[in-house]
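1. Sharing a sequence plus its predicted fold:
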Amino acid sequence: MGTTRTAHGHGRVVVVTGASGGVGRATARAFAARGDTVALLARGREGLAAAADDVRRSGGEAHVIAVDVSDAEAVEDAAQQVVDAYGRIDVWVNNAFTGVFAPFTAVAADEFRRVTEVTYLGYVFGTRAALRHMLPRDRGTIVQVGSALAYRGIPLQSAYCGAKHAIQGFNESLRCELLHARSGVRTTMVQLPGLNTPQFDWVLNRMPGRARPVAPVYQPEVAARAIVHASTHARRREYWVGGSTAATLLANAIAPGLLDRYLARTNFDAQQDEGRPDGPANLWAPADGPHGQDFGAHGRFDDEATDDSPQQWASRNRGWMGAALTVGAGAALAARKLVRR
């Protein structure tokens with residue numbers, strides 16, 4: 001084993017899976033801007049090399065590990081490489097995924113299995129690898145990058161929605177176990193909205209149109225800020241990012257049957273753009289592999305995507321807002337009593 005290095009700038013040691021593009025790429029940059037050391041895990045070597053350059057330019061130290069998160073042994077080895085290099089893992093962010101954009105009946109059995117292995121079991125294997133090193137130290141944070149689709153399934157993404165639902169249940173179970181053990185290790189989940197990432201050109205697409213996120217669309221930096229915040233405030237069980245996420249989850253809790261009918265009527269068209277799918281599918285191999293291309297964090301929706309989420313601010317500050325509302329209500333009640341006198 002080589003000499004253990006000190007984390008860059010005495011910051012934290014952070015592992016991000018799916019770090020070569022999209023949300024993972026933006027998240028790696030956000031951690032690096034804090035002076036953290038970021039271990040970048042993904043399959044695509046072109047994307048990983050470019051992500052490492054981003055991390056260094058942002059002020060962090062990059063540690064690149066090419067790995068397929070569906071391989072449990074490889075993920076365990078990647079975690080050990082990080083600990084061998086830096087002595088610990090402070091934060092582990094599970095983010096890697098893949099998908100098939102098609103009606104359920106058009107998804108082959110091996111394709112559904114592959115989505116499940118990467119998108120769900122990849123989180124299970126990453127969490128297990130992180131806990132192996134965090135539990136003996138009784139400290140560390142695991143952030144599960146989720147989605148509104150962890151609660152609300154939508155058409156054309158059955159494998160992805162199933163995996164996100166599974167992550168939600170798995171994380172709740174694990175959280176209860178950690179609380180029971182009075183562990184200092186924390187786990188939290190960040191539920192994301194539709195984002196402007198390259199995933200919509202990477203997804204294996206069997207529909208006539210190009211895949212797109214359901215509007216409104218947010219920039220990946222909105223997600224990255226939420227993930228970094230969650231990593232330092234992990235006592236919260238989960239965070240909702242974007243007004244559309246909050247609206248979807250609330251509507252699903254109140255009237256799921258009505259939402260079924262609404263999504264059946266609107267979401268086939270809402271998830272497709274004009275034009276034929278022409279991107280490289282990343283289901284079985286990294287999108288940048290045979291193309292030698294770095295896709296970056298952003299997709300093709302910059303013109304409509306927003307970098308602002310007032311709902312995210314409200315989610316982060318709900319304790320302060322609750323206190324303010326309580327004080328305001330108390331003041332209003334006192335004023336009414338004075339008027340009556």
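-> Arrived safely. The structure presented is a predicted model; accordingly, all values stated were derived computationally and were not measured.

2. low-scoring stretches of the chain, by residue?
-> Low-confidence segments of the chain (pLDDT under 70): 1-3, 8-9, 289-291, 309-341.

3. ok, which stretches of it are strands?
-> 13-17, 37-42, 61-66, 91-94, 100-101, 140-145, 185-191, 204-205, 210-211, 238-240, 272-273 (DSSP state E).

4. Turn these into JSON lines, including distance to residue 119 and mean neighbour count.
-> Backbone N, C-alpha and C define where each C-beta goes, glycine included. Formatted as JSON lines, those follow (distance: least, Cβ to Cβ, whole Å; neighbours: other Cβ atoms under 10 Å):
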{"stretch": "strand 13-17", "distance to residue 119": "11", "mean neighbour count": "29"}
{"stretch": "strand 37-42", "distance to residue 119": "14", "mean neighbour count": "29"}
{"stretch": "strand 61-66", "distance to residue 119": "19", "mean neighbour count": "20"}
{"stretch": "strand 91-94", "distance to residue 119": "10", "mean neighbour count": "29"}
{"stretch": "strand 100-101", "distance to residue 119": "11", "mean neighbour count": "25"}
{"stretch": "strand 140-145", "distance to residue 119": "10", "mean neighbour count": "26"}
{"stretch": "strand 185-191", "distance to residue 119": "14", "mean neighbour count": "25"}
{"stretch": "strand 204-205", "distance to residue 119": "13", "mean neighbour count": "22"}
{"stretch": "strand 210-211", "distance to residue 119": "16", "mean neighbour count": "22"}
{"stretch": "strand 238-240", "distance to residue 119": "18", "mean neighbour count": "23"}
{"stretch": "strand 272-273", "distance to residue 119": "21", "mean neighbour count": "16"}
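
5. Let me see the contact set for residue 307.
-> 218, 219, 221, 222 (Cβ atoms under 8 Å, 6 or more residues apart in numbering).

6. check contacts around the residue sitting nearest the centre point of the chain.
-> Closest to where the C-alpha atoms of the chain average out (Cα atoms, centre = their mean) is residue 145, at 2.6 Å. Taking Cβ under 8 Å, 6+ apart, we find residue 145 in contact with 23, 27, 93, 94, 95, 189, 190, 192, 223, 227.

7. which one of the residues you listed is nearest residue 55?
-> The nearest member of the contacts of residue 145 to residue 55, counting by Cβ to Cβ, is residue 27 at 10.6 Å.

8. How about the closest one, nearest residue that isn't a chain neighbour?
-> residue 224 (4.3 Å; Cβ to Cβ, 6 or more residues apart in numbering).

9. Touching, that neighbour and residue 30? I think so.
-> Yes: at 4.1 Å, residue 224 and residue 30 qualify as touching, with contact defined as Cβ atoms under 8 Å.

10. What segments of this structure are helices?
-> For the chain, the helices defined by DSSP state H occupy 22-32, 45-58, 72-86, 109-116, 122-134, 158-180, 199-202, 220-232, 243-254, 256-270, 310-316, 318-340.
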